[in-house]
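Peer 1: Make a model of this:
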Amino acid sequence: MQSFRTELENPVVEQEIIALAQKIRDFHAGTIPEEKFRSLRLARGVYGQRQAGVQMVRIKLPFGRLTFQQLLKIADVSDEYASKNLHLTTRQDIQIHYVSLDKTPELWTKLAEDDITLREACGNTVRNVTASATAGIDPKEPFDVSPYAHATFLYFLRNPICAEMGRKIKIAFSSSDDDTAFSYIHDFGFIPKVKIIDGQEVRGFKVMMGGGLGAQPILAHAIFDFLPSDEIIPYMEATLRVFDRHGERNNRNKARFKYLIQKLGLDEVLSLIEDEKTAIKSKKFEIDLDAIAQPEPPTASVEPVTPADALAYEIWKQTNVFAQKQEGYFGVYVKVLTGDIPTDKARILVDGIKDHIADDIRITQDQNLLFKYVREESLPHIYNVLYDLGYARAGHDSTSDVTTCPGTDTCNLGISNSTEMARVIEQYIHEFHADFVHEKQLKIKISGCMNSCGQHGLAHIGFHGSSVKADGKVVPAAQVMLGGGTLGDGLGRVAERVIKVPTKRVLQVVDVLLIDYKNNREAEEKFHAYYERQTKDYFYRLLKPLADLTTLTDDEFVDWGHEGTFSTAIGVGECAGVVIDLVATLLFESEEKIDWARQALEKGQYADAIYHSYSSFVNTAKALLLDKGVNASTQSQVIAEFETRFVEEELFSFPNSFTERVLQINKYEPSKEFAEAYLTQATAFYLEGVERREELRVVNS
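Peer 2: Residues are numbered from 1 along each chain as shown. Below is the predicted model:
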């Protein structure tokens, strides 16, 4: 396994951990406003959960890659600081819950010892960069996308252009045209391609841009059929600069990149991206293909064993095991119900399989695990280990493999208990529709609310938490979504809302749909084709009897996994961070960014210095506008409003205009001379802004 300098050996990380501890003390002392502190902790993976006084900590695992030691370390940390459980997410992260805020710096320090980071796992940043779990061993892949995902993660981590955006950015790399990383629902999605140019094989990617799930799913646009691999990071850099400047910052419901494209139009956004290319740090960026090397296959001798259940073992091999592109080795999928692994089971798992697989475990987008480089003679042993732990269930990536978010277990936004719903549906399919254990073209996904953390928006059969009213009481309900899913090579379908039913009737919904599909589909007809042929109205009429609220039983007023009467106790979600509008805080941040610009300049990081200076310009202008009661919703509007309300009213003067001064940022190459001049201008503007604000405060007092 490739060795890396650990997170803790990185002086920047060490400083951040120390700074987090200080920020927590300042927050408790009341010297940092709650809104500002929330933003600070989110950018460090610390997220408020449904239960008061405790936090969820999201551990960022680029493209879902884990070593044995890292998995054991996370288990140790969960035992000491959390609830002794590891939750695998659809973003290939691990979340631990019920963590004390005061313990998070100490927790982070221990994780950093094994090169595990919390940095920008939450907040208005570039989130975890995902990739197909099969990357590197996929028989269909043109090349391994893992190094490209890794380079993207490193390049944008704590990069000033995307440290404090209006909303998050999500990036995914699929290993082949099968598009198992769902490029079509990401801000940036990449599908590997090889093209012959001048007689040479050149690596590149089909590029999808502007997709997203959430409450309003939007499919991504294909903007390049082939972009050379050394141009993908520069193109993302230019794009993120555009999103940072023009993206919405006040209305979080309209602040994702997909809405900027919707607002300005794709052609205008592409034009703005081209305008940024002069000023970006990297015009070409060569990927270090050795940064993520293929792991060493296991070499320990294998003692022959008999599978614990011979018949179940054969089915498991059919559905959960595949031949890698490396001859003689197999990939093994491990189904993890609702993505939850108790820490004691995690340790037994590692101990049982460490001599039989490569030291490179991948978390999958469907909340499961993938083992690599398994020899055929090790399959019975691995099956028995999984069998003893309850993880040997067949049907990976099938109808019986239900994806879900945590729902009301821990999430502030959860409306219904999606995890228990997933458990009962999986069990029901295994008992009554066992033939669907082999069906990989019909997926069921569940979210506790409409925000699609469980990916219901791209499911063939999706459910999201909701509610209805009957007899003056609130009834837990599930919105039924049908017809979504992956088509391949960047194409996908968004599931359509069909009908809403009480949650206790979801088993009946699944039953009706699967029976109808089996009985009425044409030979070899896939569910997408069947759904199109029958039409949405057909399914609405098919399920309408299950939406009848006049036949409710007492049990249906209680959600799955609960005993008391249902209520929609929704908190304030933090996935997108918050909008900070405090004048004093903005001015403080302006000064802070000037300091960061100076530090970057001293290190020769001219592009970073320029961007920090730009951010100081914008923050100072926004602070002064807020003092006038003007709340502009984008950075470009801040610049325009400042021009109108301060420059044109002759409260500030510039050689040409404020707009021209600030927007020098995309007119010049990132040179030392420009970085020094721009920083000088930003500093002068900040100092004048503070002076003018004090003058106004004296006059107004």
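
Peer 1: wait, what's in contact with the closest residue to residue 236 other than its chain neighbours?
Peer 2: Closest residue to residue 236 apart from its sequence neighbours, by C-beta to C-beta, 6 or more residues apart in numbering: residue 188 at 5.9 Å. Any C-beta I mention is one placed from the backbone N, CA and C, and that applies to glycine too. For residue 188, the set of contacting residues under the criterion of C-beta atoms under 8 Å, 6 or more residues apart in numbering consists of 169, 170, 171, 172, 207, 208, 209, 236, 239.

Peer 1: which of the residues you listed tops the neighbour count?
Peer 2: residue 172 (32 neighbours; other C-beta atoms under 10 Å).

Peer 1: what helices or strands is the helix or strand harbouring it leaning on?
Peer 2: Secondary structure from DSSP states H and E places residue 172 in strand 171-173. Secondary structure elements in contact with strand 171-173, counted by 3 or more C-beta pairs under 8 Å, 6 or more residues apart in numbering; DSSP states H and E, are strand 130-131, helix 146-156, strand 188-197.

Peer 1: partners of that strand in the sheet?
Peer 2: Counting by DSSP bridges, the strands paired with strand 171-173 are strand 130-131 (parallel), strand 188-197 (parallel).

Peer 1: I'd like to know which of those is closest to residue 154.
Peer 2: Checking those against residue 154 by C-beta to C-beta gives strand 130-131 as the closest, at 13.9 Å.

Peer 1: got the contact list for the strand holding residue 172?
Peer 2: Residues external to strand 171-173 that are found in contact with it (C-beta under 8 Å, 6+ apart): 63, 126-127, 129-132, 135, 145, 148-149, 152, 181-183, 186-190, 192, 205, 236.

Peer 1: mean confidence score for it?
Peer 2: Strand 171-173 comes out with an average pLDDT of 98.

Peer 1: And for stretch 39-53?
Peer 2: Here the mean pLDDT over stretch 39-53 is 84, rounded to a whole number.

Peer 1: Toward the C-terminus, what is the element adjacent to the helix or strand harbouring residue 611?
Peer 2: Here residue 611, judged by DSSP H and E, is contained in helix 606-627. Next in sequence after helix 606-627, counting helices and strands by DSSP H and E, comes helix 635-642.

Peer 1: Now name the helix or strand holding residue 50.
Peer 2: Remark: residue 50 resides in no helix or strand, with elements defined by DSSP H and E.

Peer 1: What is the burial count for it?
Peer 2: With neighbours defined by other C-beta under 10 Å, the count for residue 50 comes to 19.

Peer 1: What of the one 4 residues further on?
Peer 2: The tally of other residues near residue 54 (other C-beta under 10 Å) stands at 16.

Peer 1: and the closest residue to residue 350 other than its chain neighbours, what does it touch?
Peer 2: Setting aside the residues directly before and after it, residue 350 is nearest to residue 68 in space (C-beta to C-beta, 6+ apart), at 5.1 Å. Counting by C-beta under 8 Å, 6+ apart, residue 68 touches 350, 354, 359, 361.

Peer 1: about what we covered before: out of the helices and strands packed on strand 171-173, which one sits most buried?
Peer 2: Among these, strand 130-131 has the highest mean neighbour count (mean count of other C-beta atoms under 10 Å), at a mean of 30.

Peer 1: quick one on the thing from earlier: which of the contacts of residue 68 tops the neighbour count?
Peer 2: Neighbour counts for the contacts of residue 68 (other C-beta under 10 Å) peak at residue 361, which has 24 neighbours.

Peer 1: so where's the chain uncertain?
Peer 2: Counting by pLDDT under 70, the chain has low-confidence residues at 1-10, 409-410, 412-414, 563-582, 696-701.

Peer 1: What are the structural domain limits within it?
Peer 2: Domains of the chain are assigned by automatic domain parsing as 1-120, 310-389, 403-557, 583-700.

Peer 1: related to what we said a few turns ago, mind checking how far the residue nearest to residue 350 is from residue 517?
Peer 2: In this view, residue 68 and residue 517 are 41 Å apart by C-beta to C-beta, to the nearest Å.

Peer 1: same question, residue 237
Peer 2: Between residue 237 and residue 517 the computed distance is 46 Å (C-beta to C-beta).

Peer 1: The helix or strand containing residue 431 - contacts with which helices or strands?
Peer 2: Element membership of residue 431 [criterion: DSSP H and E] is helix 418-432. Helix 418-432 makes packing contacts with strand 403-404, strand 444-447, strand 461-470, helix 506-520 when contacts are defined by 3+ C-beta pairs under 8 Å, 6+ apart.

Peer 1: Output the last one as PDB - backbone C-alpha positions only.
Peer 2: Okay, so that is helix 506-520. What follows is helix 506-520, C-alpha atoms only, in PDB (Å, rounded to 0.1, in the frame of the first residue of the first chain):
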ATOM      1  CA  VAL A 506     -45.000   0.700   1.800                       C
ATOM      2  CA  LEU A 507     -44.700  -3.100   1.900                       C
ATOM      3  CA  GLN A 508     -48.000  -3.200   0.100                       C
ATOM      4  CA  VAL A 509     -46.700  -0.700  -2.400                       C
ATOM      5  CA  VAL A 510     -43.600  -2.900  -3.000                       C
ATOM      6  CA  ASP A 511     -45.800  -6.000  -3.200                       C
ATOM      7  CA  VAL A 512     -48.200  -4.500  -5.800                       C
ATOM      8  CA  LEU A 513     -45.400  -3.100  -8.000                       C
ATOM      9  CA  LEU A 514     -43.300  -6.200  -8.100                       C
ATOM     10  CA  ILE A 515     -46.200  -8.500  -8.700                       C
ATOM     11  CA  ASP A 516     -47.500  -6.200 -11.400                       C
ATOM     12  CA  TYR A 517     -44.100  -6.000 -13.100                       C
ATOM     13  CA  LYS A 518     -43.700  -9.800 -13.000                       C
ATOM     14  CA  ASN A 519     -47.100 -10.500 -14.400                       C
ATOM     15  CA  ASN A 520     -47.400  -7.900 -17.100                       C
END
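
Peer 1: rewinding a little: reformat the helices and strands packed on helix 418-432 into JSON lines and put distance to residue 274 and mean neighbour count next to each item.
Peer 2: Compiled in JSON lines, the helices and strands packed on helix 418-432 are given as follows (distance: least, C-beta to C-beta, whole Å; neighbours: other C-beta atoms under 10 Å):
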{"stretch": "strand 403-404", "distance to residue 274": "38", "mean neighbour count": "30"}
{"stretch": "strand 444-447", "distance to residue 274": "37", "mean neighbour count": "30"}
{"stretch": "strand 461-470", "distance to residue 274": "37", "mean neighbour count": "24"}
{"stretch": "helix 506-520", "distance to residue 274": "47", "mean neighbour count": "17"}
